[in-house]
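Chemist: Take a look and give me a structure for this.
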Amino acid sequence: MRRPGCLGAAEGRRSAGYPKGRRRRAEIVEAAFAKFASVGYRNASMVQIAADCGVSRMGLAHHFPTKEALLAAVLEERDRVNGELFFAGFDATADGLDYFSRLARLVEYNATVPELVSLYAMLSVEVADPAHPAHAYLVERYTRIRRDIRDALEELHARGLVRPGTSVAGAESDLMALIDGLQVQWLLDPASVDMGARFRQRLSEMLLVEVP
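Modeler: Residues are numbered from 1 along each chain as shown. Next up, the predicted model:
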C-alpha cells in the first residue's frame, strides 16, 4: 500500500512523462526548495509556492497533490544531486580516506549553497516532532551518515592511520555535531566561519594522514 502523501509510480510518470511536464515539475521543486529554506516547511504554503513558480494551485496539485509529497521530492532531489557530485561509487568500509575526502568536499561545497544549508537547519528544528513528514527521512539520513563515518574510521583504524590516543567510539556523532554546528554558525556569520577548513582541521587532529 502506498504511504499517504506520496506519489505512486504511475502518478509520477503521468505528471512527469513529457519534457514540458518534467520541466514544470523541476521548476516547482526548485521553488519549493527556496521557500522551505527561507521560511521553513510549516510556514510555507502551497499557494505561495504555486505563485513563486507561476502556476495555479490546481496546476501545482497536478504534479504534487500534497505538501508532504512536494517536500519528499525536494529532499530526494537534493540527495540525488549530492550523491552524483560527491558519493557516486564510494565504499566507506573499503577506503576511509576516500570517504572523508568526499565528505570534506561536500562540507566545502555547502558554503556555496546557503539555501541548502538553511533548509536542513530549518528542518532539524522542525522534525523533532515525530509527526513532521520529514522526521523519518532525517532520522534515517543521520543514521546512514553516522554509519558511513563509523565505517570509514574503523577502516582507517585497522590500517593504523588513526592518531594514537584517539577514540573512534562515538566519534561519528561528534563529527556530525561539528558539521551541524559549523553550518549554523556559518549561516549566522559566513565571513567568520570557514566550514571546510574547520572540518579538515578536526580530521587532521584525528588522523595520521592528510585528507586530500
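Chemist: okay, CA-based contacts and neighbour counts for the rest of this
Modeler: OK.
Chemist: who does the longest helix seen in the chain touch, helix- and strand-wise?
Modeler: Assignment by DSSP state H gives helix 135-158 as the longest helix of the chain. Under the contact definition 3 or more C-alpha pairs under 8 Å, 6 or more residues apart in numbering; DSSP states H and E, helix 135-158 sits against helix 96-110, helix 171-188.
Chemist: TSV please, covering those helices and showing mean neighbour count.
Modeler: Converted to TSV, the helices and strands packed on helix 135-158 look like this (neighbours: other C-alpha atoms under 10 Å):
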stretch	mean neighbour count
helix 96-110	19
helix 171-188	16
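Chemist: Reformat those helices as JSON lines; add distance to R25.
Modeler: As requested, the helices and strands packed on helix 135-158 are exported to JSON lines (distance: least, C-alpha to C-alpha, whole Å):
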{"stretch": "helix 96-110", "distance to R25": "24"}
{"stretch": "helix 171-188", "distance to R25": "29"}
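Chemist: if we can go back for a sec, which parts of the longest helix of the chain are buried?
Modeler: Using 16 or more other C-alpha atoms under 10 Å as the test for burial, helix 135-158 gives 135, 138, 146-157.
Chemist: R198: which of the helices and strands packed on helix 135-158 is closest?
Modeler: Closest to R198 of the helices and strands packed on helix 135-158, according to C-alpha to C-alpha: helix 171-188, at 8.1 Å.
Chemist: what's that closest one packed up against?
Modeler: Short answer (3+ C-alpha pairs under 8 Å, 6+ apart): helix 171-188 packs on helix 114-126, helix 135-158, helix 195-206.
Chemist: How far does that helix sit from its chain's centre?
Modeler: Going by C-alpha atoms, centre = their mean, to the nearest Å, the spacing between the C-alpha centre of helix 171-188 and its chain's C-alpha centre is 13 Å.
Chemist: Residues contacting it, please?
Modeler: Surrounding helix 171-188, the residues in contact under the criterion C-alpha atoms under 8 Å, 6 or more residues apart in numbering are 107, 114, 117-118, 121, 146-147, 149-150, 192-195, 199.
Chemist: one more time with 7 Å
Modeler: In this structure, residues lying in contact with helix 171-188 by C-alpha atoms under 7 Å, 6 or more residues apart in numbering are 117, 121, 146, 149-150, 193, 195.
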